[in-house]
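Asks: Could you work out the structure for the sequence below:
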Amino acid sequence: MSDFSEPPMSDGGQRTGWAELGSGETVELARPGARFGGRILDIIIASIINFVIVLVIVAGSVDSDDTDLSTGGFFGTMLIFLAIWLVYEVVQVAIWGQTLGKRMTGIKVIHATHGGVPGWGKALGRWAIPGLVFLIPFIGGLVSMLCYLSLTWDRVYQGWHDKSAGTLVVRT
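Replies: Numbers count the residues shown, from 1 in each chain. Model (predicted):
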């Protein structure tokens, strides 16, 4: 059971761009455009890291007797990317509340109850919803995208991953 309930708002449920934390503090919410920009930057950064690691693995396997790179190549690359994404996202959000992309767009993930950094459990939970759903064959990518898009119809811009983890994304 979460210690978070949707921040109370005195505006009758209308979007104001502000939310009240469980502690009573009022915070300015990050807009969907800034969140999208941060996510795109993070995808680019994680993809570059993934590309370099896959190149090193491929270069290492070419030097060995095993030159059949097609076996599990696509799925292996996807698992490597998932592992990189896990480390990239969870570590930075747990410690600082920001990934590199979020820093560049001036936004931060906070614990919705007290406004501090989310910590390891919330950062992992926030990542796991879209990250693990992505692995579902055929529909995983679409459901993962819906998870991120869900923030656009929520009054405090929480995606499903934010709601499940009890986090908010705010402007810094």
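
Asks: distance of L79 from V58?
Replies: Applying CB to CB, to the nearest Å, the value for L79 to V58 is 15 Å. Backbone N, C-alpha and C define where each C-beta goes, glycine included.

Asks: Would you map the strands across this structure?
Replies: Ranges of strands within the chain are 18-20, 26-28, 107-111, 167-171, based on DSSP state E.

Asks: Would you convert these into a markdown table that also reports distance to G119 and mean pLDDT?
Replies: Shown next, in a markdown table, are the strands of the chain (distance: least, CB to CB, whole Å; pLDDT from 0 to 100):
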| stretch | distance to G119 | mean pLDDT |
| --- | --- | --- |
| strand 18-20 | 19 | 93 |
| strand 26-28 | 17 | 95 |
| strand 107-111 | 7 | 98 |
| strand 167-171 | 10 | 97 |
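
Asks: Mean neighbour count and distance to L41 added to those strands, as CSV?
Replies: Converted to CSV, the strands of the chain look like this (neighbours: other CB atoms under 10 Å; distance: least, CB to CB, whole Å):
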stretch, mean neighbour count, distance to L41
strand 18-20, 17, 24
strand 26-28, 15, 21
strand 107-111, 24, 11
strand 167-171, 23, 14
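
Asks: May I see those strands organised as TSV, with distance to P137 added?
Replies: Converted to TSV, the strands of the chain look like this (distance: least, CB to CB, whole Å):
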stretch	distance to P137
strand 18-20	37
strand 26-28	39
strand 107-111	29
strand 167-171	28
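
Asks: and of those strands, who's closest to G159?
Replies: For these, proximity to G159 was assessed by CB to CB; strand 167-171 is nearest, at 8.6 Å.

Asks: Identify the residues contacting the residue nearest the centre of the chain.
Replies: The chain has W127 as the residue nearest its centroid, 5.0 Å off, counting by CA atoms, centre = their mean. W127 makes contacts with 85-86, 89-90, 93, 161, as judged by CB atoms under 8 Å, 6 or more residues apart in numbering.

Asks: Helices - which of those residues land there?
Replies: If you go by DSSP state H, those have 85-86, 89-90, 93, 161 in helices.

Asks: got a winner among those residues for most neighbours?
Replies: Counting neighbours by other CB atoms under 10 Å, the top entry in the ones in helices among the contacts of W127 is V93, with 26 neighbours.

Asks: Do you know the pLDDT at the nearest residue to I136 once chain neighbours are set aside?
Replies: Once flanking residues are discounted, I136 sits nearest to V143: 6.6 Å by CB to CB, 6 or more residues apart in numbering. On the pLDDT scale, V143 is placed at 93.

Asks: if I pick V143, what's in contact with it?
Replies: 133-134, 136.

Asks: Over to D162?
Replies: Applying CB under 8 Å, 6+ apart, one finds that D162 lies in contact with 112, 126, 151, 168-169.
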